[in-house]
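Student: Sequence first, then the predicted structure:
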Amino acid sequence: MNEITAKKTVDGDERVATIVTDLGDNLADATAKFGEEVIFSNFKQSAKITAQAAMRRMLETNLDAKTITDKMSTWKPGTALDRTVDPVAALKAKMSTMSKAEKKALLAELDI
């Protein structure tokens, strides 16, 4: 059995939900439970999301498309890429999506 927990802050209130489900004990067990097509499609979806996240981190550091393509050419699912995150750029990118109140709360939390 696998426990899966999700957290989400809604209107300042952190909410948590947990489920217990049987995803299988290994690849063979999961394949027997859900089928090869489901297992493979979920693998591809997860790999795509992981690759996109890595590419977004690189875009935040102002790398150009060719450099990103070169860095991603050796990437394999399940392996870590060197993180080249500029913390200032990452914070600016995050803050650009925040409301004025959220920015003020963050700065207060950071004691700035």
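Tutor: Arrived safely.

Student: The helix of greatest length in the chain - contacts with which helices or strands?
Tutor: If you go by DSSP state H, the chain has its longest helix at helix 36-60. When contacts are defined as 3 or more Cβ pairs under 8 Å, 6 or more residues apart in numbering; DSSP states H and E, helix 36-60 sits against helix 27-34, helix 65-72, helix 87-95. Where you see a C-beta, it was placed from the backbone N, CA and C, and this is true even at glycine.

Student: Lowest mean pLDDT across those helices, which one is that?
Tutor: Mean pLDDT is lowest for helix 87-95 among these, at a mean of 82.

Student: what's the following helix or strand after that helix?
Tutor: helix 100-109 (DSSP states H and E).

Student: Looking at the helices and strands packed on helix 36-60, which is nearest to V10?
Tutor: helix 87-95 (18.7 Å; Cβ to Cβ).

Student: now the closest one, how far from the chain's geometric center?
Tutor: Averaging C-alpha positions (Cα atoms, centre = their mean, to the nearest Å) puts helix 87-95 16 Å from its chain's average.

Student: Low-confidence stretches in this structure?
Tutor: Across the chain, the ranges flagged by pLDDT under 70 are 83-86.

Student: Can you show me the CA trace of stretch 4-23 as PDB?
Tutor: Only the C-alpha atoms of stretch 4-23 are listed here, as PDB (Å, rounded to 0.1, in the frame of the first residue of the first chain):
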ATOM      1  CA  ILE A   4      -0.100   9.800  -1.000                       C
ATOM      2  CA  THR A   5      -0.500  13.200   0.700                       C
ATOM      3  CA  ALA A   6      -1.300  16.500  -1.000                       C
ATOM      4  CA  LYS A   7      -1.100  19.900   0.600                       C
ATOM      5  CA  LYS A   8      -2.500  23.200  -0.700                       C
ATOM      6  CA  THR A   9      -2.900  26.600   0.900                       C
ATOM      7  CA  VAL A  10      -6.300  28.000   0.100                       C
ATOM      8  CA  ASP A  11      -7.100  31.500   1.400                       C
ATOM      9  CA  GLY A  12      -4.300  31.300   3.900                       C
ATOM     10  CA  ASP A  13      -5.400  28.000   5.200                       C
ATOM     11  CA  GLU A  14      -3.200  25.000   4.600                       C
ATOM     12  CA  ARG A  15      -5.300  22.000   3.600                       C
ATOM     13  CA  VAL A  16      -4.100  18.400   3.600                       C
ATOM     14  CA  ALA A  17      -5.600  15.300   2.100                       C
ATOM     15  CA  THR A  18      -4.200  11.700   2.300                       C
ATOM     16  CA  ILE A  19      -5.200   8.600   0.500                       C
ATOM     17  CA  VAL A  20      -3.900   5.000   0.800                       C
ATOM     18  CA  THR A  21      -3.800   3.100  -2.400                       C
ATOM     19  CA  ASP A  22      -2.200   0.000  -3.900                       C
ATOM     20  CA  LEU A  23       0.100   1.000  -6.700                       C
END
